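Chemist: sequence? don't have it. structure:
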DNA sequence: CTTGACCCTAACATTAATGTCATCGTTTAT
DNA sequence: ATAAACGATGACATTAATGTTAGGGTCAAG
């Protein structure tokens, strides 16, 4: 299947599929005219890539374990656990940071509203 | 006071102070030789800018109410409440998004650990 | 007058996935 | 053979505050 069809089937843009190729996530065969030729498995592979991207992992991280998880269950791929744990720790940090800001904002909003009530 | 001293006093980098100038947040006088000359008030102004930046507001947003809050209490500056509320809503959205990812990560980590326990 | 410590502007880099555009070759149907 | 649809590559843009560097002025102390 060519790139347009794969894009239609997965919802990924043609641009993104070319980028995944460039980053080594999916290397399709090349026809004699230079066109990318994707196997039937590519659809699953792209969905897998999309899923890990939605977890906030980078293409570089994904590339480090993608081949393994396409064949095995995640538990079999020892590279993936430390990546998950690192990402989780980043996310926790970000949530904490945002929660701090949120508290500050709420306090200031409350204080403005209070002053407008009793001027 | 010149830019280096203001930088030392506030912890902002010289580069940042020049950027605030460029963005219209603080327009110091210019000496005949072109040097920026900051008044004694500038120190407070920079700290105020730093505070609003730490709330995640953009220089453009800050510039829309900075002059007012430097003179009055926040409650007097009608521009600021909608900006706070919009920012709060963005933060809530981001926290929700991150929490979703966090749950997914925790689930997958737990499932990997479970499989390694009972293979 | 020279050195060192300041100051200035302008420009590019940073991050990472994706969008967009220009330019070109290929294939297919009429 | 020509037009439409598709594919390829390459380059630039996106966001926003800050870092960095290059190339030059200014000033004060020795």
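Modeler: Thanks, I have it. What you are looking at is a predicted structure, and each value in this text was computed from that prediction instead of being measured.
Chemist: mind listing the strands in chain A by residue range?
Modeler: Assigned by DSSP state E, chain A shows strands spanning A:29-30, A:36-37.
Chemist: possible to save these as a markdown table with distance to residue A:82, mean pLDDT and mean neighbour count?
Modeler: Using the backbone N, CA and C atoms, a C-beta is placed for each residue, glycine as well. What follows is these, written out as a markdown table (distance: least, CB to CB, whole Å; pLDDT from 0 to 100; neighbours: other CB atoms under 10 Å in any protein chain shown):
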| stretch | distance to residue A:82 | mean pLDDT | mean neighbour count |
| --- | --- | --- | --- |
| strand A:29-30 | 33 | 97 | 10 |
| strand A:36-37 | 33 | 97 | 16 |
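Chemist: Include distance to DNA strand C when you put those strands into CSV, please.
Modeler: Converted to CSV, these look like this (distance: least, CB to the nearest atom of the strand, whole Å):
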stretch, distance to DNA strand C
strand A:29-30, 12
strand A:36-37, 11
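Chemist: Out of those strands, which gets nearest to DNA strand D?
Modeler: Counting by CB to the nearest atom of the strand, DNA strand D lies closest to strand A:36-37 out of the strands of chain A; the figure is 3.3 Å.
Chemist: Grab the longest helix from chain A for me.
Modeler: Looking across chain A with DSSP state H, the single longest helix is helix A:80-117.
Chemist: Does it reach chain B?
Modeler: Yes: interface with chain B: helix A:80-117 contributes A:80-81, A:84-85, A:87-88, A:91-92, A:94-95, A:98-99, A:101-102, A:104-106, A:108-109, A:111-112, A:115-116 (CB under 8 Å from any CB of the partner chain).
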